[in-house]
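J.: generate coordinates for the sequence data below:
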Amino acid sequence: AIMFVARQTSLRRWTPSRPAAAFSSIYMPGHKTFLKTVPYAPPTWASALANPPTERVVLGNFPTPIFPFRPPGLPDGVQMFIKRDDYSGLEMSGNKARKLEFLLAEALRQGADCVVTCGGVQSNHCRATAVAARMMGLDSYLLLRTSDTETDPGLVGNLLIDRSSFPSSWHILITCIRLVGAELILVPRREYAKQGGGDYFIAKTVEKLRKQGRKPYGIPVGGSNGLGTWGYLESIEEMEHQIELPITDIAFACGSGGSAAGIGVGAYLYAQAHQDSSLQFTRSELPPVHAYIVCDSPTYFYDHIDQVILPGMGLGTGLGYAKNTKEELAYISLVARTTGVLLDPVYSGKALYMLVKDLQDAPHKFTGKSILFVHTGGQFGLFDKVADLNDDIVASNHVSVFQEN
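T.: From the prediction side, this is the model:
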């Protein structure tokens, strides 16, 4: 079966372009390097970028695999593959592990004893940060954006992993079950908007912790800053060494923008040095990179990402961030039943739904294309949608009581 897949998709054995010693510490974590800080040198095609990182913490299972993928509704004449970044690690599953490898390396180098970050109530980034920080012996403080009346977000999805393992010192928190040691700080949505986003609350929390004698390290929403972006910039070379088929387009969900920026910049820079690459989406003239925005403020990305670097930005917001239409949830359920791939309802589920819809609306533009869809993880968020998914699951009628005859 493995040989058949390899022949059909031209997937190839990992063949690093860096010296073996350098590459083994970058992409092949083992018992000697896992959870260790290791030296990092950028690929030669990215060496011109300012202030490259010099270290990373080995957190993820990289390279993540690429599989042939035919989701329901994919038009004839279009090939699709899926890069399973949800395989980066069970607890951290998803794109955040790539960013956190660089961010936590800097936190440790600065002598931090805790990290502070921000996200929505079901934030994949906050969950991954809490897990990774605990693995590295750091406490975590998570600022969670909630409704204006919410006092306790409950224990579903990512929050089951995030909930605190020590008594809360914040008046708005409720002491709860212990798992990985995250301190939850609820931020009403109205106040969040009033202060212009998460940066304000991260800075205030960092300041407060310092006054308490702690050594906090602030991580922006989604881990999306110049340092975190290196995680996905580096992934371009990883993809090049995984697949020989000409990949014409790459598509993924865009939340806080860090993954999109890394892929966009990486594809653009890689094209300058590798015009004959099998990754045809790195063409220098206009990279066919499709980012589906799933947050409530699409203009944010146009302020932060050059449209020449990332021109193909489509709207996948739907009803709003972390809100789903019945059609989106039905499609997520259908993908699971037909392919075995579990998508999350906030990011990859919406992105694939919109991608297939775009392909159906303009099939002539994509005939003969080979598209790589990056699954950025987040399946824990499905548990927050159980009630909404229940009707579709029950309707499939796959439960019966055993009878002898």
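J.: can you show me the strands along the stretch 1-150 of the chain?
T.: Here the stretch 1-150 of the chain has its strands, by DSSP state E, counting those that start in this stretch, at 37-39, 55-57, 66-68, 79-84, 114-120, 139-146.
J.: residues contacting the fourth one, please?
T.: Spelled out, it's strand 79-84. The contact list for strand 79-84, computed with CB atoms under 8 Å, 6 or more residues apart in numbering, reads 9, 64-71, 74, 239, 243, 245, 247, 341, 369-375. For every residue, glycine as well, the C-beta is placed using N, CA and C.
J.: and the last one, by the same measure?
T.: For strand 139-146, contacts defined as CB under 8 Å, 6+ apart pick out 113-121, 123, 126, 129-130, 133-134, 153, 162, 180-189, 192, 198, 201-202, 205, 209, 216.
J.: tell me the most buried of the strands of the stretch 1-150 of the chain?
T.: Compared across the strands of the stretch 1-150 of the chain, strand 114-120 shows the largest average neighbour count, a mean of 26 (mean count of other CB atoms under 10 Å).
J.: helices or strands up against that one?
T.: Contacts defined by 3 or more CB pairs under 8 Å, 6 or more residues apart in numbering; DSSP states H and E place strand 114-120 against helix 124-135, strand 139-146, helix 198-211, strand 216-218.
J.: nearest to Asp276, out of the ones you listed?
T.: Of all the helices and strands packed on strand 114-120, helix 124-135 sits nearest to Asp276, with 35.8 Å by CB to CB.
J.: relative to the one helix or strand Leu186 maps to, what are the paired strands and their orientations?
T.: In the assignment (DSSP states H and E), Leu186 maps to strand 182-188. Strand pairing for strand 182-188, using DSSP bridges, gives strand 139-146 (parallel).
J.: just want the angle from the partner strand to strand 114-120.
T.: Per axes from the mean of the first three to the mean of the last three CA atoms, to 10 degrees, the angle that strand 139-146 makes with strand 114-120 is 20 degrees.
J.: state the mean pLDDT of strand 139-146.
T.: Averaging pLDDT along strand 139-146 yields 91.
J.: ditto for stretch 360-370
T.: 89.
J.: for the helix ranked longest in the chain, buried residues please.
T.: Taking DSSP state H as the criterion, the chain has its longest helix at helix 258-273. By neighbour count on 16 or more other CB atoms under 10 Å, the buried set for helix 258-273 is 258-271.
J.: for that helix, name the packing helices and strands.
T.: Under the contact rule (3+ CB pairs under 8 Å, 6+ apart), helix 258-273 is packed against helix 96-109, helix 226-233, helix 235-240, strand 249-254, strand 289-293.
J.: quick one: the last one to helix 258-273, angle?
T.: Taking the same axes, to 10 degrees, one finds that strand 289-293 is oriented at 170 degrees with respect to helix 258-273.
J.: the inter-axis angle of strand 289-293 versus strand 249-254?
T.: 20 degrees.
J.: same check, this time on the first one
T.: Using the same axes, to 10 degrees, the interaxial angle of helix 96-109 with respect to strand 249-254 works out to 60 degrees.
J.: may I have helix 96-109 exported as PDB, CA atoms only?
T.: Provided in PDB are the C-alpha atoms of helix 96-109 (Å, rounded to 0.1, in the frame of the first residue of the first chain):
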ATOM      1  CA  LYS A  96       1.200  26.900  16.000                       C
ATOM      2  CA  ALA A  97       3.900  24.400  16.800                       C
ATOM      3  CA  ARG A  98       6.100  25.800  14.000                       C
ATOM      4  CA  LYS A  99       5.800  29.300  15.300                       C
ATOM      5  CA  LEU A 100       6.300  28.300  19.000                       C
ATOM      6  CA  GLU A 101       9.600  26.600  18.200                       C
ATOM      7  CA  PHE A 102      11.100  30.000  17.500                       C
ATOM      8  CA  LEU A 103       9.100  32.000  20.000                       C
ATOM      9  CA  LEU A 104       9.800  29.800  23.000                       C
ATOM     10  CA  ALA A 105      13.500  29.600  22.100                       C
ATOM     11  CA  GLU A 106      13.700  33.400  22.500                       C
ATOM     12  CA  ALA A 107      11.600  33.200  25.700                       C
ATOM     13  CA  LEU A 108      14.100  30.700  27.300                       C
ATOM     14  CA  ARG A 109      17.100  32.700  26.000                       C
END
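J.: please consider this matter closed, and thank you.
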